[in-house]
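Enquirer: Sequence and predicted model, in that order:
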Amino acid sequence: MKRILTFIVGLSCLAVTAQNINDVLRYSSENLQGTARYQGMSGAFGALGGDLSALNINPAGSAIFANSLFTFTGANYNQKNESSYFDGLATETRNSFRLNQLGGVFVFKNRNPKGPWQKFAMAFNYDLVQNYNNQVFLRGTSNQGIDNYFLNLAQGVPFGPLLIQDGELIEEAYLDIGANLGFREQQAFLGYYGGVIDPVDENDNNNTAYVSNAIYSNVDQDYFQRTNGYNNKFSMNFSGQFQQNIFLGASLNIHDIFFDQYTEFTETGYDANSEIQFVNFDNYLRTNGSGVSFSLGAIAKLNENVRLGGSYQSPTWYRLLDDTSQRINSDLADSDIRFIDFNIVNLFEVYRIKTPGKANGSMAIIFGPKGLLSFDYSYQNMANAELRPSSDPSFRDENSFIASELGAVNTFRVGGEYRIENVSLRGGYRFEGSPYQDGVTIGDLEAFSFGIGFNFGGSRLDLAYSRSQQSARQQLFSPGFPTTGLVNNTNTNVILGYTLNL
């Protein structure tokens, strides 16, 4: 039976370590999503337009449409993660299906052919920017135990304020410490009542030194992480064709964020003379939020065969709210520790993230009605990402760390289409550089795609397949737990879309 359900509001982001470089990268990344035609050509649409998801690259693309239309797209996502952690190897696979694009464009042609503006277009589109459904499993024998995490945070924390007061429930003490003292003190409280660490002198309320109850040379560790959620983007677009060769456009984008992350950690294999023989430590994070951005773009027809495109995507300004919950157990844990579980929630103050802007340049070669070849390049400097308010000393330090660790991301996309009467064959390749200066913490991403489209005159059916690969170092806990696992992710998408001319 649950004894209490309590929500608290953290007094300051100073106490929170959940908001860090990982959050910035999570909400800055945009996997290749959108219509089947767009994904079949690996998103190389910056100078092409004429596709609703191409508005993500260049908002001038809606003026390329010859007529009004409506498109919707669904995709099946397959995430395969192969991990290595010391001597352990593991594989996790997860499938999910989503409606990942829905939108329409309305084209208004100028009845006066002598006017400078030939037509205008308004588009409304929903795209799934990021699908967070994923899971990773790490297993191995490590020389670094979970006691290092609790010791790192506890050292320097006075012992007296961690003690449960007369008449106070353990879950009340946990929440009160988190709200009024901070994250470090709350983790020290968990480590102590979870049986993992002890103060050097339990009779001294001013004690600030702690020792581990675990004795080991190596420990066996299992770590499971499951994430769910999405980053949705709703775009309102306006564009126009000036004379015969210039297309200009702008979009306002509204983001909707939901993300949750569950981690489960088990540690065994201590020495026989160790007081403690097992530890379970689980964490849950949930994030809700919204964001806003805008984009500007232009496409120029140099002649009947060559088009050039350029666009700017502004930073995205996110407003986010986190809540966290934890549970811990061991053979030395306090008997009441079970009352601290996922029903006991830490609710923190609103914080903000500003992701960096992005510049795009594109070129396309049109081979008449037979096909086309397109090339896109994008530049984004991840060192300019920020956690806000930047006046918060904790965020200021983290922003300095982000600036030192992250760098420029260069993305290349090439795609082609070949038409045989009413059938279109498509293919593409995409390369996205690592956001880290070391190129290892998160590696480069490489992807390829192909697709096919069937034009029925008044409608079109498109099918695409895309596959991307990227490796990353997975850290189990921070700080005090430096060991990482290597995770190789393979993301395979099968996309089916239908377009109806209006």
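Expert: Now that the structure is in, tell me what you want to look at. Numbers count the residues shown, from 1 in each chain.
Enquirer: Who are the packing partners of the helix or strand that contains N288?
Expert: Take DSSP states H and E as the rule and N288 turns out to sit in strand 279-301. Secondary-structure packing of strand 279-301 (3 or more CB pairs under 8 Å, 6 or more residues apart in numbering; DSSP states H and E): strand 246-268, strand 306-313, strand 317-330. C-beta: built from backbone N, CA, C; applies to glycine.
Enquirer: buried sites along the shortest one?
Expert: Applying a neighbour-count criterion of 16 or more other CB atoms under 10 Å, one finds 307, 309-311, 313 buried in strand 306-313.
Enquirer: that older thread, relative to the whole chain's centre, how far out is the strand holding N288?
Expert: The chain centroid and the centroid of strand 279-301 are separated by 6 Å, computed with CA atoms, centre = their mean, to the nearest Å.
Enquirer: Each with direction, which strands does the helix or strand where T499 lies pair with?
Expert: Using DSSP H and E, T499 sits within strand 484-501. Strand pairing for strand 484-501, using DSSP bridges, gives strand 69-85 (antiparallel), strand 459-475 (antiparallel).
Enquirer: Keeping just the C-alphas, turn the strand holding N288 into CSV.
Expert: Output of strand 279-301 as CSV, limited to C-alpha atoms (Å, rounded to 0.1, in the frame of the first residue of the first chain):
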residue,chain,number,x,y,z
VAL,A,279,22.1,-3.2,-5.3
ASN,A,280,19.1,-2.2,-7.4
PHE,A,281,18.9,1.4,-8.5
ASP,A,282,16.1,2.6,-10.9
ASN,A,283,15.4,6.1,-12.2
TYR,A,284,12.5,7.6,-14.2
LEU,A,285,12.6,11.0,-16.0
ARG,A,286,9.6,12.6,-17.8
THR,A,287,9.8,15.8,-19.8
ASN,A,288,7.0,17.9,-21.3
GLY,A,289,7.5,21.0,-23.3
SER,A,290,7.0,23.2,-26.3
GLY,A,291,9.2,25.2,-28.7
VAL,A,292,9.1,27.7,-31.5
SER,A,293,11.3,28.5,-34.5
PHE,A,294,11.1,30.0,-37.9
SER,A,295,12.8,29.6,-41.3
LEU,A,296,13.4,31.7,-44.4
GLY,A,297,14.4,30.5,-47.8
ALA,A,298,14.8,31.1,-51.5
ILE,A,299,15.1,29.0,-54.7
ALA,A,300,16.4,30.4,-58.0
LYS,A,301,16.0,28.8,-61.4
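Enquirer: List the beta-bridge partners for the nearest residue to F70 once chain neighbours are set aside.
Expert: Counting by CB to CB, 6 or more residues apart in numbering, the nearest residue to F70 once its immediate chain neighbours are dropped is G104, at 4.1 Å. Under DSSP bridges, the beta-bridge partners of G104 are F70, F124.
Enquirer: who touches G104 in this structure?
Expert: By CB atoms under 8 Å, 6 or more residues apart in numbering, the contact set of G104 is 52, 68-71, 123-125, 502.
Enquirer: Could I get those in JSON lines, plus columns for distance to S293 and pLDDT?
Expert: Shown next, in JSON lines, are those (distance: CB to CB, whole Å; pLDDT from 0 to 100):
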{"residue": "L52", "distance to S293": "17", "pLDDT": "96"}
{"residue": "S68", "distance to S293": "26", "pLDDT": "96"}
{"residue": "L69", "distance to S293": "25", "pLDDT": "97"}
{"residue": "F70", "distance to S293": "24", "pLDDT": "97"}
{"residue": "T71", "distance to S293": "22", "pLDDT": "97"}
{"residue": "A123", "distance to S293": "16", "pLDDT": "97"}
{"residue": "F124", "distance to S293": "16", "pLDDT": "97"}
{"residue": "N125", "distance to S293": "14", "pLDDT": "97"}
{"residue": "L502", "distance to S293": "28", "pLDDT": "91"}
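Enquirer: now those residues: which count as buried?
Expert: Neighbour-count burial (16+ other CB under 10 Å) is assigned, among those, to 52, 68-71, 123, 125.
Enquirer: Poorly predicted segments of the chain, please.
Expert: For the chain, the stretches with pLDDT under 70 are 1-18.
Enquirer: how does it look with 80?
Expert: Residue ranges of the chain with pLDDT under 80: 1-18, 30, 113-114.
Enquirer: and the residue lying closest to V409 once chain neighbours are set aside, what is it in contact with?
Expert: Leaving aside its sequence neighbours, V409 sits nearest to Q380 (CB to CB, 6+ apart; 4.8 Å). By CB under 8 Å, 6+ apart, Q380 lies in contact with 28, 356-359, 408-409, 411.
Enquirer: about what we covered before: can you tell me which two in the buried ones among the contacts of G104 are farthest apart?
Expert: For the buried ones among the contacts of G104, with distances taken as CB to CB, the pair at the greatest spread is S68 and N125 (13.4 Å).
Enquirer: Strands of the stretch 351-500 of the chain, start to end?
Expert: Using DSSP state E, counting those that start in this stretch, the strands found in the stretch 351-500 of the chain span residues 351-354, 358-366, 371-381, 386-388, 408-420, 423-432, 445-455, 459-475, 484-501.
Enquirer: Make JSON lines from those and add distance to T91 to it.
Expert: Shown next, in JSON lines, are the strands of the stretch 351-500 of the chain (distance: least, CB to CB, whole Å):
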{"stretch": "strand 351-354", "distance to T91": "32"}
{"stretch": "strand 358-366", "distance to T91": "34"}
{"stretch": "strand 371-381", "distance to T91": "32"}
{"stretch": "strand 386-388", "distance to T91": "34"}
{"stretch": "strand 408-420", "distance to T91": "28"}
{"stretch": "strand 423-432", "distance to T91": "24"}
{"stretch": "strand 445-455", "distance to T91": "20"}
{"stretch": "strand 459-475", "distance to T91": "14"}
{"stretch": "strand 484-501", "distance to T91": "10"}
